[in-house]
Structure formats: structure tokens, C-alpha cells
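Participant: Pasting the sequence and the predicted model now:
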Amino acid sequence: MPGAKEVDVDSKTIKTVSPFIEYVDSSIKDYMTLISDSFIQMSFQDLTGQRIKRIIDLVVQIEDMIKSMVISFGIKLTERDKNPVISEEDLEKAVEAKVTELTGLQKEGQGLDQAGIDELLANF
């Protein structure tokens, strides 16, 4: 090492310093074990987080599927009440049209216009 000085050490000093050196060496090993364990725990938490995210994504997908089934079933019941002799084909077309209407753009003159939305956001 640059700037390091060589010092003569007698046996008494070695005997005195030896326990300290052993303690430091033992402490370093303990700290390295703790650091290693921490990394293992963090990687476990990362894997757990990834699994939880996958489960949440799956639940959201299932929720969307159930919601779409409920909407479809509700539309079928409503259409069947309006017209009890409606054919399955016409019923499916009615469901598709209503779902498209529910998820599509608003009809002219219905819903909020941009000025109404801007005013609503300005109030926050």
C-alpha cells in the first residue's frame, strides 16, 4: 500500500491485539452472513410480490369475465321480457348491439360535454 509504514511488533503486542483481530474477523463473517440472508429475503419478497401481482391480474381478469357474463345475462333477460318469442340468434345480436352501445362512444347530445368535464375537474 502506498504510504503504509512497516512497524516492528513484539510478541506482547501481538498477544494483546490478536483477540481484537479475531473479533473483527468473526464480526465480518457475521455481517456477511446477515447481508447474504438479507439478499435472500429480498429476492424471496420479490418472488412473492411477482406471484401476488399475477394473482391480482388473474382476479381482475375473472372479475371482467364475470362482469361481462352478468351484463350479457341481464340484457338477455331484458330482451326476453320485451319479446318472449325472440330467437336465440336475434337475442345474441341484441346483446352484441347493447354491449357495443354500453362500451362505445356516447351518442350526440348525451353524457357530459368537454366543458362540463373541465368544470368538474376545476372544482377539485
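Facilitator: Cool, the structure landed. Residues are numbered from 1 along each chain as shown.
Participant: ok, now which ones touch the residue nearest the centre of the chain?
Facilitator: To find the centre residue of the chain, average its C-alpha atoms and take the closest one (C-alpha atoms, centre = their mean): that gives Lys53, at 4.4 Å. By C-beta atoms under 8 Å, 6 or more residues apart in numbering, the contact list for Lys53 is empty. The C-beta positions use only the backbone N, C-alpha and C, and glycine is treated the same way.
Participant: Which SSE is immediately downstream of the helix or strand containing it?
Facilitator: Assigned by DSSP states H and E, Lys53 belongs to helix 11-82. Helices and strands here follow DSSP H and E; after helix 11-82, the next one along the chain is helix 88-103.
Participant: Please spell out which residues along that following helix are buried.
Facilitator: Across helix 88-103, burial judged by 16 or more other C-beta atoms under 10 Å covers Ala94, Val95, Lys98.
Participant: ok now it, how far from the chain's centre?
Facilitator: 34 Å (C-alpha atoms, centre = their mean, to the nearest Å).
Participant: Please list the residues outside that helix that contact it.
Facilitator: Ser68, Ile71, Ser72, Ile75, Lys76, Glu79, Arg80, Ile86.
Participant: Filter those residues down to the buried ones.
Facilitator: Neighbour counting with 16+ other C-beta under 10 Å marks Ile75, Lys76, Glu79 as buried within the contacts of helix 88-103.
Participant: Excluding chain neighbours, what is closest to the last one?
Facilitator: Okay, so that is Glu79. Distance criterion C-beta to C-beta, 6 or more residues apart in numbering; nearest residue to Glu79, sequence neighbours excluded, is Ala94 at 4.7 Å.
Participant: Closest one of the contacts of helix 88-103 to Asp37?
Facilitator: Ser68 (46.6 Å; C-beta to C-beta).
Participant: Look up how far Pro84 lies from the residue nearest to Glu79.
Facilitator: The gap separating Ala94 from Pro84 is 13 Å, by C-beta to C-beta, to the nearest Å.
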